[in-house]
Structure formats: C-alpha cells, structure tokens
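Trainee: with the input below, show me the fold.
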Amino acid sequence: MVDPGYLRSCYYAFMHNPSRDGLGINSRRASKWALLVFVPCAFLLSFAAYDWHMGIQLEKKAMTTQGIITRIELDNHGKFDYEYSVGSVTYSGGEIIAGASLSTGQHVQVTYDPDHPQTSTLGDFGATDTRPVPILFILGAGLIFYFVLRRFLIRQLEVNANQYS
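Mentor: Residues are numbered from 1 along each chain as shown. Coordinates of the predicted model:
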C-alpha cells in the first residue's frame with residue numbers, strides 16, 4: 001500500500017517544482033492556464049460578433065415577396081415547405097415554425113436576401129438588435145471567469161508552497 005503523504009509529495013514535486021520545465025504551476029503559468037480557457041471562449045465570441053454583424057447587414061438589405069405553402073411535413077416537426085418567385089426564377093424553402101397554423105396553398109410573406117435569393121425565411125430574418133446582449137454577457141462572464149480562475153490557481157500555488165515549506 002502506498003502512503004498518501006508520499007503521493008501528495010510526488011504530486012507537489014511534479015506540479016510545483018520550479019527547476020523543472022513541466023506542468024509546474026507558478027504565477028506566470030497560472031495566467032497561461034487561465035488563458036488556455038479564456039482564449040477559445042474569446043475566439044467563439046468573435047465568431048458570434050461576426051454573425052451578429054452579418055445578420056444586421058442582411059436585415060438591412062432584405063426584401064420581401066409573396067410565397068405559397070406547398071407542403072406541410074407533419075413527421076418532420078411540422079416543417080412548412082414553400083415556394084416564392086424573384087423575377088422570373090422560382091425558389092423553394094422550408095422552415096419549422098413552432099405553433100404556426102398554416103395550411104397548404106396559403107399565401108405567406110417570404111423574406112429573402114437580394115444578393116442570394118435562395119436564402120429565405122418566412123417572416124423576417126430575426127431581431128438582430130438583441131444579439132449583442134448575450135454576446136456581451138458571455139464576454140463579461142468570460143473575463144470574470146479568467147480572473148477568478150487565475151486568482152484561484154495562484155492561491156493554490158501559495159497554499160501548496162506554505163504547506164510543503
């Protein structure tokens with residue numbers, strides 16, 4: 001049987017030995033570990049911000065036309081298939097709308113991207129003005145998490161240093 005005190009001292013020697021270039025945690029490495037968590041979150045947030053920006057651009061230039069419901073797929077969560085025309089070209093689309101009571105042959109408003117008319121939706125492209133709220137919330141939470149995690153790792157280092165000195 002291995003003594004738990006021996007295992008603890010081996011762990012401390014492995015994780016906190018400043019003379020070794022391993023996984024040792026010191027205040028500088030604590031920042032790196034915390035950044036290892038924060039950077040991917042910031043990277044994902046940059047994609048969310050880009051998507052929000054592109055959504056605003058799409059909402060500004062979107063156009064509407066009349067379409068017609070061609071099929072209702074009850075076995076596919078009530079997906080509504082529709083057709084619409086832009087110029088002389090007919091396009092089709094499909095969308096799941098929770099709680100909608102549409103019927104085959106019913107006329108609907110279709111919103112489409114004039115640069116890419118095959119990109120469409122029933123209704124509008126969404127409330128893009130509210131997208132920054134979750135993005136900013138996640139960014140703020142990520143920053144707080146970074147500093148809390150960094151401080152926690154530094155405190156763990158101080159506690160372990162005091163415990164084994």
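
Trainee: tell me the first helix or strand C-terminal of the helix or strand encompassing Ala49.
Mentor: Take DSSP states H and E as the rule and Ala49 turns out to sit in helix 27-61. Sequence order places strand 63-73 as the next helix or strand after helix 27-61, per DSSP H and E.

Trainee: quick one: mean pLDDT over that next one.
Mentor: Strand 63-73 comes out with an average pLDDT of 92.

Trainee: related to what we said a few turns ago, centre of the chain versus the helix holding Ala49, how much separation?
Mentor: 9 Å (C-alpha atoms, centre = their mean, to the nearest Å).

Trainee: just stretch 50-62 next, same as before
Mentor: With C-alpha atoms, centre = their mean, you get 17 Å for stretch 50-62.

Trainee: can you list the domains in the protein?
Mentor: The chain breaks down into these domains under automatic domain parsing: 4-56+129-163, 63-124.

Trainee: tabulate the ones you listed (JSON lines), appending mean neighbour count.
Mentor: Just so you know, the C-beta spots here come from the backbone N, C-alpha and C atoms, and that holds for glycine as well. Below are these laid out as JSON lines (neighbours: other C-beta atoms under 10 Å):
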{"stretch": "domain 4-56+129-163", "mean neighbour count": "13"}
{"stretch": "domain 63-124", "mean neighbour count": "14"}
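
Trainee: which of those domains has the lowest mean pLDDT?
Mentor: When I compare the domains of the chain, domain 4-56+129-163 is least confident, with a mean of 70.

Trainee: ok, which stretches of the protein are strands?
Mentor: With DSSP state E as the criterion, the chain has strands at 63-73, 79-86, 89-96, 107-113, 116-122.

Trainee: let's have these in CSV, adding distance to Arg151.
Mentor: Putting these into CSV (distance: least, C-beta to C-beta, whole Å) gives the following:
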stretch, distance to Arg151
strand 63-73, 52
strand 79-86, 49
strand 89-96, 45
strand 107-113, 47
strand 116-122, 45
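
Trainee: so which of the ones you listed gets nearest Gly142?
Mentor: The closest of the strands of the chain to Gly142 is strand 116-122. By C-beta to C-beta, the value is 30.5 Å.

Trainee: may I have the closest one as CSV, with CA atoms only?
Mentor: Output in CSV follows, covering the C-alpha atoms of strand 116-122 (Å, rounded to 0.1, in the frame of the first residue of the first chain):
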residue,chain,number,x,y,z
HIS,A,116,-28.6,35.4,-52.8
PRO,A,117,-32.4,34.9,-53.4
GLN,A,118,-32.2,31.2,-52.5
THR,A,119,-31.6,32.4,-48.8
SER,A,120,-35.0,33.0,-47.4
THR,A,121,-37.3,32.7,-44.4
LEU,A,122,-40.9,33.0,-43.5
